[in-house]
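> what's the 3D shape of this:
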Amino acid sequence: MTRTRGDAPWIPAYPACVASWPRSRSSHCAARRSLDAALLNDVQEAAHHLEDIGRLWGEALYELRREHDTYALVALLLADPATRDIGAGLAREACHDWRAAPVRLLPLLVQHRGQRLTLALGKALTTASISEAAMRTHGALLAEVPFTPSPRARRFPSTATPYDSASAAALLAAKPVGITRLAHASEIFEALLDSGPLTFRQAAQLYTLTFRRPGRSQAECAPLWLRHAGPSALSLLLALMTEHLADYAVGEYYLAGLARMGGHARPALPAVTSLIDRRTRIPVNDSTRDAEMRLDESLLAAALSTRRAILADPTSLRVISYTG
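Numbering: from 1, shown residues only. Down below sits the predicted model:
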């Protein structure tokens with residue numbers, strides 16, 4: 001985006017220079033200092049021309065993977081009333097990009113809010129409040145701050161239908177063997193497995209649900225196939241499930257499936273921990289950047305819960321009695 005300074009076109013120096021960032025080690029440090037100086041030189045002028053300059057700089061710093069430099073720059077910009085809104089915009093962009101950013105930056109946003117909360121600062125605080133870790137660590141700081149908190153994720157009441165073995169068997173009898181999606185699959189097959197071994201047809205249906213198509217039904221049925229087939233199926237199931245843990249659309253279902261496997265899912269811990277230890281947000285496509293951040297936070301919370309469940313049950317699979 002181009003603006004004018006007098007009669008000449010003006011482009012913010014830092015984002016415009018990212019494409020020419022030198023990759024060789026010998027010129028890296030000098031170029032970095034040069035670009036930093038250009039950025040700070042741009043700040044006062046940018047405040048008069050571009051409302052979203054903080055976001056543009058955030059994108060540039062993220063591309064260069066300069067996480068901690070981003071936090072330092074936010075502090076510098078927030079401390080000056082003339083550049084405070086730019087700092088707030090940069091802080092908000094950082095929260096969208098880096099998982100640790102809300103915890104690092106929320107105290108700074110509160111500290112430098114001034115007597116009147118500007119729109120940019122209010123938006124940054126709302127975005128930072130999406131982070132459960134930030135609210136757990138710094139939530140008390142926001143008690144007296146007049147901002148709009150991020151809406152919490154809605155928890156819908158369970159609509160699970162109770163099944164006994166007879167009703168579960170009757171439902172499956174009406175479904176084709178090649179079924180690949182089944183509502184309440186967990187409840188249906190658990191009722192059958194609780195009463196004894198599956199019939200050949202029922203086992204074929206469970207196999208198809210588990211292995212034919214990725215998605216929620218697969219994630220929910222994988223622990224049930226383990227219960228039916230026994231430990232010999234474990235390695236195949238874990239390889240199947242860990243592939244989808246970072247998928248924002250279905251990852252939570254696969255994590256819940258691993259949690260149900262308990263200690264038997266211990267070989268999947270590296271994949272779960274890798275998801276937890278990410279410094280950047282997972283790639284997500286949603287309507288807004290806040291919504292994308294919220295999906296990443298939900299997946300992170302699910303991964304943490306799954307790791308706790310696996311470590312809390314190191315020896316046996318919950319409610320499993322092998323029937324195959």
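> all contacts plus neighbour counts: C-alpha atoms, from now on.
OK.
> Would you check that Ala88 makes contact with Val110?
No: counting by CA atoms under 8 Å, Ala88 does not reach Val110; the two are 10.6 Å apart.
> just how off-centre is stretch 190-202 within its chain?
36 Å (CA atoms, centre = their mean, to the nearest Å).
> sorry, that was for stretch 138-151
How far stretch 138-151 lies from its chain's middle: 22 Å, per CA atoms, centre = their mean.
> Just the CA trace of it, in PDB.
What follows is stretch 138-151, C-alpha atoms only, in PDB (Å, rounded to 0.1, in the frame of the first residue of the first chain):
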ATOM      1  CA  HIS A 138      -2.700 -11.700  33.900                       C
ATOM      2  CA  GLY A 139      -6.500 -11.800  34.000                       C
ATOM      3  CA  ALA A 140      -6.600  -9.700  37.300                       C
ATOM      4  CA  LEU A 141      -4.900  -6.800  35.500                       C
ATOM      5  CA  LEU A 142      -8.000  -6.400  33.300                       C
ATOM      6  CA  ALA A 143     -10.500  -6.100  36.200                       C
ATOM      7  CA  GLU A 144     -10.600  -2.300  36.000                       C
ATOM      8  CA  VAL A 145     -10.000  -1.900  32.200                       C
ATOM      9  CA  PRO A 146     -13.100  -1.000  30.200                       C
ATOM     10  CA  PHE A 147     -12.600  -3.200  27.200                       C
ATOM     11  CA  THR A 148     -14.700  -5.900  25.400                       C
ATOM     12  CA  PRO A 149     -13.400  -9.400  26.400                       C
ATOM     13  CA  SER A 150     -13.200 -12.000  23.700                       C
ATOM     14  CA  PRO A 151     -16.300 -14.200  23.800                       C
END
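> got the buried residues for it?
For stretch 138-151, burial by neighbour count (16 or more other CA atoms under 10 Å) applies to His138, Leu142, Phe147, Ser150.
> Could you single out the nearest of these to Pro314?
Nearest to Pro314 among the buried residues of stretch 138-151 is His138, at 33.6 Å by CA to CA.
> so the closest one is in which element?
If you go by DSSP states H and E, His138 is part of helix 132-138.
> helices or strands up against the helix or strand just after that helix?
Downstream of helix 132-138, the next assigned helix or strand under DSSP H and E is helix 165-173. Counting contacts by 3 or more CA pairs under 8 Å, 6 or more residues apart in numbering; DSSP states H and E, helix 165-173 packs against helix 185-195.
> After the helix it packs on, which helix or strand is next?
helix 200-211.
> Would you map the strands across this structure?
Counting by DSSP state E, the chain has strands at residues 3-5, 8-10.
> Low-confidence ranges, the stretch 101-250 of the chain, go.
Scanning the stretch 101-250 of the chain with the threshold set as pLDDT under 70 gives 153-160.
> mind running it again at 90?
By pLDDT under 90, the low-scoring segments of the stretch 101-250 of the chain are 113-117, 139, 142-162.
> and Val284, how many neighbours?
17 (other CA atoms under 10 Å).
> One more: Leu117?
Using other CA under 10 Å, Leu117 has 15 neighbouring residues.
> Gly230 too?
15.
> quick one, phi psi at it?
phi 90, psi -180 (degrees, to the nearest 10).
> what about the residue lying closest to Asp85 once chain neighbours are set aside, distance to Ser287?
Nearest in space to Asp85, with sequence neighbours left out and distances taken as CA to CA, 6 or more residues apart in numbering, is Ala120 at 5.5 Å. Ala120 is 20 Å from Ser287, where distance means CA to CA, to the nearest Å.
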